[in-house]
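[1] structural data only, the sequence is not supplied:
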């Protein structure tokens, strides 16, 4: 054998691959020694085979299964380029999907953190809110005491048809004014927050996207009962009047469960938010 | 049963999930009806359970296994936030890894495309080259006729230790001048292109990173033999002299196999490149 032939040990060193890997590649006919001594069963490799190892490593690195590499090594350069192009497309889709997941994860976590950030129940407080994109539906008979599940479902379906996921939070908004009793409050629209950064196509006429603006908000949080709702609303209203605050004439309401466990008594946390102007 | 209880069919509609999924969630104790009629085996769900479905969907969307969701639904909000934080970290690592793969795929494809873009063999041509980061090694005895595999291995190892992958291309550079015979050509350094966009730590003293600048190059490509090498080099040299070209005094050489298949006769394509100045 001339000196351009290598034993499996030498080849392992040159390729930075364990001998076991080279033996395995031989067994599965991916990368075979050019000569195996029938007496000793020793494998011998040629220097020129190093290029093929480079290709195998490249393709493995970009996630190509070994079976596919067996095929590809006989491809022309043009065919390899086609293959890599297809791989790039697959990867781009996977990346976009994971980035979407990342965005949703972050938003879901932030929503939970906001819930923890509520400093006090049944008292007015101020808080800075980030802007939020909301998928809104005009629901003529929706009130704090009753939102139709069918209408909520329309929002959920739209979100899911766009390949996103529903939030664990619901909401609504309505005019800021004096209300004598809870029955007088009529939601302008109900909404669920949009957790995707993607463009969003709304086809339903009763639906639209509203952005709740970033800013400083006067807020009130409490555990839902009908009686508590109107009482806490009144407290928030009075606070704004007494302090003569310059505010947006809109109440943003958001509701979320205090716990998800079916075993725990159902408690719904309500937050009412009114944006301070200048 | 009061009207806030739903059959599995109603629940399926409200949650936008197939009844089969709800039955399966019941079987695995992830999401159980609050009441199952012992006579009919019909399942009944409460409205308040809809929140839990939202949470299940959210967690599934971000890749949480069902078994884990069974645990998480009993978590406090703080514990959920911790869990989501860990998920975000895992996802960020996965994304970084896929972005690295994407970069490598693109670079590998571009290298193959460059090989196809060679317009002619054995004749001078000009080509625009993108800049390339090269991991270089000072290899005192390296010549076109002999590069030590041990030295090549040092480059490969460094690349792989940095978590990247080797290219299917090798190279070297040396001074542009008249050479009478191939034995006179001494490589200044040998290199392999760096396919990662990451920062790169070179610890070996004989190693460094050189950037081959973007620009217009005078080039010559041919199939390697010792005789062909010196003859084609001379042709390139003469072309530069005759046309009185203002060039960088460096020859960038890159070599790549024409095919990777062990069954095909080994042919190595050599490209020599000299950068045109202004």
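    Looks like it arrived, so ask away. Every value quoted in this text rests on a predicted model; they were computed, and no experiment measured them. Numbers count the residues shown, from 1 in each chain, chains lettered A, B, ... in the order given.

[2] once you drop chain neighbours, what's closest to the residue in the stretch 151-278 of chain A positioned nearest to chain B?
    Residue of the stretch 151-278 of chain A nearest chain B, by CB to the nearest CB: residue A:165 (3.8 Å). For the C-beta atoms, the positions are set from N, CA and C on the backbone; glycine is no exception. Closest residue in space to residue A:165, ignoring its immediate chain neighbours: residue B:61 at 3.8 Å, by CB to CB, 6 or more residues apart in numbering or on different chains.

[3] same deal with residue A:105?
    residue B:62 (4.7 Å).

[4] helices of the stretch 1-150 of chain A, residue ranges please.
    Applying DSSP state H, counting those that start in this stretch to the stretch 1-150 of chain A gives helices spanning A:8-15, A:19-27, A:50-61, A:66-72, A:77-116, A:149-161.

[5] and the nearest residue to residue A:5 once chain neighbours are set aside, bridged to which residues?
    Counting by CB to CB, 6+ apart, residue A:5 lies nearest to residue A:44, which is 4.7 Å off, once chain neighbours are set aside. For residue A:44, the beta-bridge partners under DSSP bridges are residue A:7, residue A:35.

[6] could you report the neighbour count for residue A:44?
    16 (other CB atoms under 10 Å in any protein chain shown).

[7] how about residue A:39?
    Residue A:39 has 5 nearby residues by other CB under 10 Å.

[8] now do the contacts for it.
    If a contact means CB atoms under 8 Å, 6 or more residues apart in numbering or on different chains, then residue A:39 has no contacts.

[9] and what of residue A:247?
    Per CB under 8 Å, 6+ apart, neighbours of residue A:247: A:176, A:218, A:240, A:274, A:275, A:276, A:277.

[10] do you know the pLDDT at the last one?
    What the model reports for residue A:277 is a pLDDT of 96.

[11] wait, doesn't it sit right on residue A:248?
    Yes: between residue A:277 and residue A:248 there is a contact under CB atoms under 8 Å: 6.0 Å.

[12] my read: residue A:189 touches residue A:175, true?
    No: between residue A:189 and residue A:175 there is no contact under CB under 8 Å: 11.6 Å.

[13] what is the burial count for residue A:274?
    22.

[14] in the sheet, who's paired with it?
    Bridge pairing for residue A:274 - DSSP bridges - gives residue A:218.

[15] and it, how far from residue A:14?
    According to CB to CB, to the nearest Å, residue A:274 stands 72 Å off from residue A:14.

[16] swap in residue A:111?
    Where residue A:14 is concerned, residue A:111 sits at a distance of 54 Å (CB to CB).

[17] repeat for residue A:214
    For residue A:214, the distance to residue A:14 - CB to CB - is 59 Å.

[18] so for these two, which residue has more residues nearby?
    The neighbour comparison of residue A:214 against residue A:14 (other CB under 10 Å) goes to residue A:14, with 19 against 12.

[19] contacts only, for that one.
    A:6, A:50, B:149, B:152, B:153.

[20] with adjacent residues omitted, what lies nearest to residue A:83?
    Distance criterion CB to CB, 6+ apart; nearest residue to residue A:83, sequence neighbours excluded, is residue A:72 at 6.1 Å.

[21] between residue A:189 and residue A:175, which is the more surrounded one?
    Counted by other CB under 10 Å, residue A:189 and residue A:175 do not tie: residue A:189 has more neighbours, with 19 against 12.

[22] what does that one show for phi and psi?
    Reported as degrees, to the nearest 10, the phi and psi values for residue A:189 are phi -150, psi 150.

[23] my guess is the residue nearest to residue A:5 meets residue A:32, correct?
    No: applying CB under 8 Å, one finds residue A:44 not in contact with residue A:32, separated by 10.7 Å.

[24] verify the contact between residue A:17 and residue A:54 for me.
    No: here residue A:17 lies out of contact with residue A:54, judged by CB under 8 Å, at a distance of 11.2 Å.

[25] okay, the two: which has more neighbours?
    Under the criterion of other CB under 10 Å, the comparison of residue A:17 against residue A:54 puts residue A:54 first, with 21 against 18.

[26] distance check, the more buried one against residue A:6.
    15 Å.

[27] can you list the domains in chain A?
    Per the record, chain A has its domains at A:5-74, A:112-275, by automatic domain parsing.

[28] who wins for proximity to residue B:94 among those domains?
    Nearest to residue B:94 among the domains of chain A is domain A:5-74 (12.4 Å), distances taken as CB to CB.

[29] now do the same end-to-end measure for that closest one.
    23 Å (CA to CA, to the nearest Å).

[30] tell me the mean pLDDT over that domain?
    Taken as a whole, domain A:5-74 has a mean pLDDT of 89.

[31] kindly report the same for stretch A:252-271.
    Rounded mean pLDDT across stretch A:252-271 is 82.

[32] which parts of that stretch are buried?
    A:252-260, A:262, A:269-271 (16 or more other CB atoms under 10 Å in any protein chain shown).

[33] same deal with stretch A:74-92?
    A:75, A:77, A:80, A:81, A:83, A:84, A:87, A:88, A:91.

[34] what do you get for stretch A:98-114?
    A:98-112, A:114.

[35] which parts of the stretch 101-250 of chain A sit against chain B?
    Selection of the stretch 101-250 of chain A residues close to chain B by CB under 8 Å from any CB of the partner chain yields A:101-102, A:104-106, A:108-109, A:112-113, A:115-116, A:149, A:152-153, A:156-157, A:160, A:165-168.

[36] okay, the most centrally placed residue in chain A and residue A:29: tell me how far apart.
    For chain A, the residue sitting closest to the mean C-alpha position, by CA atoms, centre = their mean, is residue A:104 at 2.3 Å. For residue A:104, the distance to residue A:29 equals 44 Å [CB to CB].
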